[in-house]
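> Predicted model, plus sequence, below.
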Amino acid sequence: MARPPAALRIHGTIARDLGIAIVSGRYRPGDVLSGEIAFAERLKVSRTAYREAIRMLAAKGLVESRPKSGTRVSERRRWNLLDPDVLAWLFAAEPGEELIRALFELRMIVEPAAAELAARRRDGRDLASMGHALEEMARLGLGSEAGRAADQGFHDAVLAATRNPALVSLSSSIAAAVGWTTIFKQRERALPRDPVPEHRAVYEAIAAGDPAAARAAMAELVRLALADTTLSLDG
């Protein structure tokens, strides 16, 4: 596979480092970032790479650039907290309990309803995707990157089975929330229990075409995941 151009890698790295600095509070809302020339010279990068990094951050709502007034850090309410990169930066900067609980509230609103729809609309390919993801989760475990990818794939498959494009558009955000909270809750201790059984319960309800059971099983899955994560918050 061809490697991305060096300039692309550099501006992505700059965006990540600045993004982490912003979400961690080193740069606060309203702060003006250094001018393009000064910043590029300090980081020893091209002005083009710096400008591209700022464009990335602006697209995610973290900064605003205006003629003559420079680039300012945006108010937190403007940040796209569901952007997978922003979520990654928030977890790299040690997320607060408020954010983690907010992500689980989002999941509890979206995923049980999605499982209910999936039970009504799924087809054989959807079930095959969910079944394969379950097998990989069980084989690899959520302590591994590949196992967590399988977990994300399971949740993606449930959303895809809804046949609702608005819900499907949330796939990358839900997957990022699932992945980062899974990493967070096992950073200091092993997972307190095997989460595969509740995933299998969701799969079986969807496969059986039972919307009520699918909704209930997914709500229980999210509830237990929050309980596991709370142990890490308390610890």
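Cool, got the structure. Residues are numbered from 1 along each chain as shown.

> before we move on, which element is the residue nearest to residue 89 when sequence neighbours are not counted in?
Take residue 89 and drop its neighbours on the chain: the residue closest to it by C-beta to C-beta, 6 or more residues apart in numbering is residue 19, 4.2 Å away. (C-beta placed from N, C-alpha, C; glycine too.) For residue 19, the host element (DSSP states H and E) is helix 6-23.

> Okay, buried residues for that helix please.
For helix 6-23, burial by neighbour count (16 or more other C-beta atoms under 10 Å) applies to 10-12, 14-16, 18-23.

> Was I right to think residue 33 contacts residue 65?
No. Under the criterion of C-beta atoms under 8 Å, residue 33 is not in contact with residue 65, lying 9.0 Å apart.

> Pick out whichever of those two has more residues nearby.
residue 33 (20 against 15; other C-beta atoms under 10 Å).

> Skip the chain neighbours and tell me the closest residue to that one.
In space, and not counting its chain neighbours, residue 33 is closest to residue 71: 4.5 Å by C-beta to C-beta, 6+ apart.

> Three-state assignment for that neighbour, please.
Assigned with DSSP: H, G, I helix; E, B strand; the rest coil, residue 71 falls in the strand class.

> what about it, how many neighbours?
For residue 71, the tally of surrounding residues (other C-beta under 10 Å) stands at 22.

> can I see the domain layout of this structure?
For the chain, automatic domain parsing gives the domain ranges 6-78, 95-234.

> Quickly compare those and say which is most buried.
Counting by mean count of other C-beta atoms under 10 Å, domain 95-234 has the highest mean neighbour count of those, with a mean of 18.
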